[in-house]
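S.K.: Output the structure for:
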Amino acid sequence: MTDLYPDLHNWLSQQPHGLRTFRTFQQKLEILSKDDPEQRGVCRLLSGLVGNYVETFDEEPLPVAVADRAYGRLLDLVASLDLKGNPDRRLADINRIASCDLLN
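M.R.: The predicted structure is shown next:
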């Protein structure tokens, strides 16, 4: 794993795969965005990605296979980010987040 918020990745890796985890993840991103303003764009994109997923299943049954797959994709995505990388790497990370879909 690279340097992107190791605490966030460690926290996420120990959580259940339900919607509550995704909502709490969004809250953590908001805090991180305030603590590290240079990373607000990445935090906003990640939060939007998670928000779309949560909205899809809000008050609907969440199939276990879907939850497991979405959780794995998010965990892999967070692990792959390197916010201390050069501008090209950071742009690639932003584009990867923007093109990610937790459902497909």
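S.K.: which helices and strands sit right next to the helix or strand where V42 lies?
M.R.: Counting by DSSP states H and E, the element that carries V42 is helix 40-57. Applying 3 or more C-beta pairs under 8 Å, 6 or more residues apart in numbering; DSSP states H and E, one finds that helix 40-57 makes contact with helix 19-35, helix 64-80, helix 87-99. Where you see a C-beta, it was placed from the backbone N, CA and C, and this is true even at glycine.
S.K.: go with 7 Å
M.R.: With contacts defined as 3 or more C-beta pairs under 7 Å, 6 or more residues apart in numbering; DSSP states H and E, the packing partners of helix 40-57 are helix 19-35, helix 87-99.
S.K.: now, of those, which is deepest in the fold?
M.R.: helix 19-35 (a mean of 16; mean count of other C-beta atoms under 10 Å).
S.K.: model confidence over that one, on average?
M.R.: What helix 19-35 shows for mean pLDDT is 93.
S.K.: quick one: contacts of that helix?
M.R.: Here helix 19-35 makes contact (C-beta atoms under 7 Å, 6 or more residues apart in numbering) with 5, 8, 12, 15, 39-40, 43-44, 46-47, 50-51, 53-54, 57, 62.
S.K.: ok, now with 8 Å
M.R.: 5, 8, 11-12, 15, 39-40, 43-44, 46-47, 50-51, 53-54, 57-58, 62, 70-71, 74 (C-beta atoms under 8 Å, 6 or more residues apart in numbering).
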